[in-house]
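Visitor: Can you look at this prediction? I've put the sequence above it.
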Amino acid sequence: MTDEELREIVCRLHTELVRNDLVAWTAGNVSGRLPGGDRFAIKPSGVSYDDLTPESIVVCDLDGNRVEGELSPSSDTAAHAYVYRHMPDVNGVVHTHSTYASAWAARGEPIPCVLTAMADEFGGEIPVGPFALIGGEDIGRGVVDTLKGHRSTAVLMRNHGVFTVGDSPKAAVKAAVMCEDVARTVHVSRQLGEPLPIAQADVDSLYDRYQNVYGQRSAR
Ligand SMILES: [Zn+2]
């Protein structure tokens, strides 16, 4: 894959944020890197999703410095860069303020694993990361420190929103979509009573099956 192809993929994946109702205005971004690569492609700052083109996508080094493109990269670039530097298997990062997931983040409450879809995708609860101000490395550090101790590919950053990771930009977008979906369902369930936990052995077995057996292997 070339930088050009990666910019096209990252550009196109932003339409999924809009299509799945994960973003308001310009508040959400996708980035991706080539496996083992020392650069990543990310959304330019403040550009509306309708106006994104592959050429407008910015390529940065792993310190977050722009190395290709005309525009300034997303204001979340430092966080994405930190994740890529510290999680070598991660090749895609997504950040959104999607409504239901951010509502859990606002309460600082992890989403409990009460749905088989959560066990499948996240291998347990979706954890909460620390409160951190945008700009420096604090957000990225909070994401990495939280995800390193978890199977989950999603973290709710307290009072802020969601970061998801994946072995490709598409996988990270899928995690963002699934995170919002389960955040909504568990929220609705809570309105009517206390959702029932799934036994840890069953969570383990669901996670193992979904990660290793489910689907068309070549299409994952
Ligand atoms: Zn944010």
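Guide: Yep, it's here. Residues are numbered from 1 along each chain as shown.
Visitor: In stretch 75-92, which residues are buried?
Guide: Buried residues in stretch 75-92, defined by neighbour count with 16 or more other C-beta atoms under 10 Å: 76-87, 90-92. (Each C-beta comes from the backbone N, C-alpha and C, glycine too.)
Visitor: hang on, I meant stretch 160-179
Guide: Of the residues in stretch 160-179, those buried under the neighbour-count criterion (16+ other C-beta under 10 Å) are 160-166, 168-179.
Visitor: Span of that stretch from start to end?
Guide: For stretch 160-179, the first-to-last residue distance is 15 Å (C-alpha to C-alpha, to the nearest Å).
Visitor: Test my guess that Pro195 contacts Met118.
Guide: No: using C-beta atoms under 8 Å as the test, Pro195 is too far from Met118 to be in contact (10.4 Å).
Visitor: where along this protein do the strands fall?
Guide: 28-33, 39-42, 58-61, 66-68, 92-96, 128-129, 154-157, 161-166 (DSSP state E).
Visitor: Could you list the paired strands of the third one along with their orientation?
Guide: Partner strands for strand 58-61, per DSSP bridges, with pairing direction: strand 39-42 (antiparallel), strand 66-68 (antiparallel).
Visitor: ok, now how distant is the residue nearest to the spatial centre of the chain from Ala176?
Guide: Centroid-nearest residue in the chain, with C-alpha atoms, centre = their mean: Thr164, separated by 1.9 Å. Distance of Thr164 to Ala176, computed by C-beta to C-beta, to the nearest Å: 5 Å.
Visitor: Likewise for Ser75?
Guide: Ser75 sits 18 Å away from Ala176, going by C-beta to C-beta.
Visitor: thinking again about what came up before, for Pro195 and Met118, indicate the residue with more neighbours.
Guide: The residue with more neighbours, out of Pro195 and Met118, is Met118; 28 against 17, by other C-beta atoms under 10 Å.
Visitor: residue contacts, the closest residue to Ser72 other than its chain neighbours?
Guide: Spatial nearest neighbour of Ser72, excluding adjacent residues (C-beta to C-beta, 6 or more residues apart in numbering): Ser45 at 4.8 Å. Contacts for Ser45 (C-beta atoms under 8 Å, 6 or more residues apart in numbering) come out as 71-75.
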